[in-house]
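Engineer: Turn this into a model:
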Amino acid sequence: MAPRLGLLPVAEATLPLYAGVDLGGTNIKVALVDDRGQLVGFHTEPTHASRGPEDAAARMGRAVLALARETGIATTDIARVGLGSPGPLDIPQGRIVRAGNLPGWDDFPLRDRVSDHCGLPVTFANDANAAAYGEFWVGSGRDYESLILLTLGTGVGGGIIVGDVNIEGAHSHGSECGHLIVDTSDTARLCPCGHSGHLEAYCSATSLVKMADAAIAAAAGGSLADAVRGGEKLTPILVAREAEAGDRLAHDLIMEVACWLGIGIASLMHVVDPEAVIIGGAMTFGRDANPVGRAFLERIREEVHRRTFPTLAANTTLRYATLGGDAGSIGAAGLARLAGR
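Structural biologist: Residues are numbered from 1 along each chain as shown. Below is the predicted model:
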């Protein structure tokens with residue numbers, strides 16, 4: 001395991017320690033954190049999903065034990081493990097029900113198998129819910145009592161935290177914000193889940209690429225179209241680059257995503273009334289450090305203000321996440337800490 005800069009020395013950590021595992025379709029991330037959410041150990045490795053869930057469960061369990069050895073602590077110093085997984089899940093039973101980006105993993109008892117391999121109790125959660133708790137605990141939501149996190153990537157993930165409670169729902173499908181219905185028209189876009197009109201069909205990296213591809217196929221001009229026709233791969237990064245360079249099509253596509261996201265956020269705000277709405281994930285266009293990221297957030301904010309009650313518009317904070325790719329593993333550890341209280 002490669003060393004990671006910025007880790008807290010274990011001698012300075014506040015005990016007990018917790019491990020957090022973030023299972024993704026591409027990578028597995030494992031964090032060891034102290035009682036204040038500070039990182040004392042970190043590991044990442046490929047998921048190798050094609051090898052099957054049992055192989056991955058074994059490697060996740062071994063990674064937790066290896067982090068303990070590397071930091072010079074006993075396994076018994078780890079109070080509990082948190083595990084965030086893509087779903088849908090059966091959280092009480094600790095099972096993946098249907099893992100769309102992990103073919104062949106359906107109906108697998110992931111929680112218990114990871115526990116068997118590391119010898120520690122495991123708290124199971126949806127991966128986006130875990131990321132939301134990470135931001136709530138030690139990230140951009142740490143000053144709030146409630147928040148909604150939306151993660152923009154290949155899909156749109158969501159998590160809702162209210163008063164230190166992770167909203168999982170009666171059937172383990174709570175906080176599935178990406179499947180909020182924003183378009184009921186006959187021409188509504190199809191979501192990868194098979195239903196039409198969901199937020200994910202309008203605000204994911206996948207949807208942005210589809211929108212751009214359709215516009216270019218319809219003979220759109222400009223630098224984005226020229227780059228694609230010249231052989232560059234059409235990605236959100238390319239769209240963001242050309243938007244920053246002044247390409248009108250690229251700018252308009254990103255603003256369309258922001259508009260739809262604002263519609264979804266307005267609906268969520270009227271249901272939950274959170275103190276903050278946090279935007280994270282890979283498709284955030286450089287966030288506050290980039291003019292495209294700033295314009296994206298401002299367009300979302302404009303749409304939210306146009307569609308919400310004045311009190312909500314004036315008092316709900318809308319901002320970017322700060323933990324980046326660490327949110328899921330830190331949040332999973334945080335949920336383990338919460339479960340152990």
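Engineer: Could you pull out the buried residues of the helix or strand harbouring Leu238?
Structural biologist: Under DSSP states H and E, the secondary-structure element containing Leu238 is helix 236-244. By 16 or more other C-beta atoms under 10 Å, the buried positions in helix 236-244 come out as Pro236, Leu238, Val239, Ala240, Arg241, Glu242, Ala243, Glu244. Glycine gets a C-beta too; all of them are placed from N, C-alpha and C.
Engineer: which intervals of the protein have sub-threshold pLDDT?
Structural biologist: Counting by pLDDT under 70, the chain contains low-confidence ranges at 1-5.
Engineer: All the strands of it, in order from the start?
Structural biologist: Secondary structure of the chain (DSSP state E): strands at 17-23, 27-33, 39-46, 78-85, 89-90, 95-96, 122-126, 146-152, 156-162, 165-166, 276-280, 317-320.
Engineer: Quick one: the ones you listed as a markdown table, columns for mean neighbour count and distance to Ser204 too.
Structural biologist: Compiled in a markdown table, the strands of the chain are given as follows (neighbours: other C-beta atoms under 10 Å; distance: least, C-beta to C-beta, whole Å):
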| stretch | mean neighbour count | distance to Ser204 |
| --- | --- | --- |
| strand 17-23 | 29 | 19 |
| strand 27-33 | 25 | 19 |
| strand 39-46 | 19 | 23 |
| strand 78-85 | 26 | 19 |
| strand 89-90 | 22 | 20 |
| strand 95-96 | 22 | 21 |
| strand 122-126 | 28 | 17 |
| strand 146-152 | 27 | 7 |
| strand 156-162 | 27 | 5 |
| strand 165-166 | 18 | 23 |
| strand 276-280 | 25 | 13 |
| strand 317-320 | 18 | 17 |
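Engineer: Between the ones you listed, which one is closest to His195.
Structural biologist: strand 156-162 (13.4 Å; C-beta to C-beta).
Engineer: In terms of secondary structure, what does that closest one contact?
Structural biologist: helix 127-138, strand 146-152 (3 or more C-beta pairs under 8 Å, 6 or more residues apart in numbering; DSSP states H and E).
Engineer: Grab the CA positions of that strand and hand them over as PDB.
Structural biologist: This file holds the C-alpha atoms of strand 156-162, laid out as PDB (Å, rounded to 0.1, in the frame of the first residue of the first chain):
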ATOM      1  CA  VAL A 156     -26.500  11.200  -9.700                       C
ATOM      2  CA  GLY A 157     -26.200  10.000  -6.100                       C
ATOM      3  CA  GLY A 158     -28.000  11.500  -3.100                       C
ATOM      4  CA  GLY A 159     -27.800  11.500   0.600                       C
ATOM      5  CA  ILE A 160     -29.900  13.200   3.300                       C
ATOM      6  CA  ILE A 161     -28.800  13.800   6.900                       C
ATOM      7  CA  VAL A 162     -31.200  15.300   9.400                       C
END
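Engineer: And it, how far out from the chain middle?
Structural biologist: Strand 156-162 sits 9 Å away from the centroid of its parent chain (C-alpha atoms, centre = their mean, to the nearest Å).
Engineer: quick revisit: what about the helices and strands packed on strand 156-162, which gets the closest to Ile167?
Structural biologist: Comparing the helices and strands packed on strand 156-162 by C-beta to C-beta, helix 127-138 comes nearest, at 7.6 Å.
Engineer: about what we covered before: which one of the buried residues of helix 236-244 sits closest to Gln93?
Structural biologist: With C-beta to C-beta as the yardstick, the closest approach to Gln93 among these comes from Pro236, at 35.8 Å.
Engineer: The closest one: what's it in contact with?
Structural biologist: Pro236 sits next to Ala205, Leu208, Val209, Ala282, Met283, Phe285 when contact means C-beta atoms under 8 Å, 6 or more residues apart in numbering.
Engineer: quick one: it and Gly328, what's the gap?
Structural biologist: According to C-beta to C-beta, to the nearest Å, Pro236 stands 20 Å off from Gly328.
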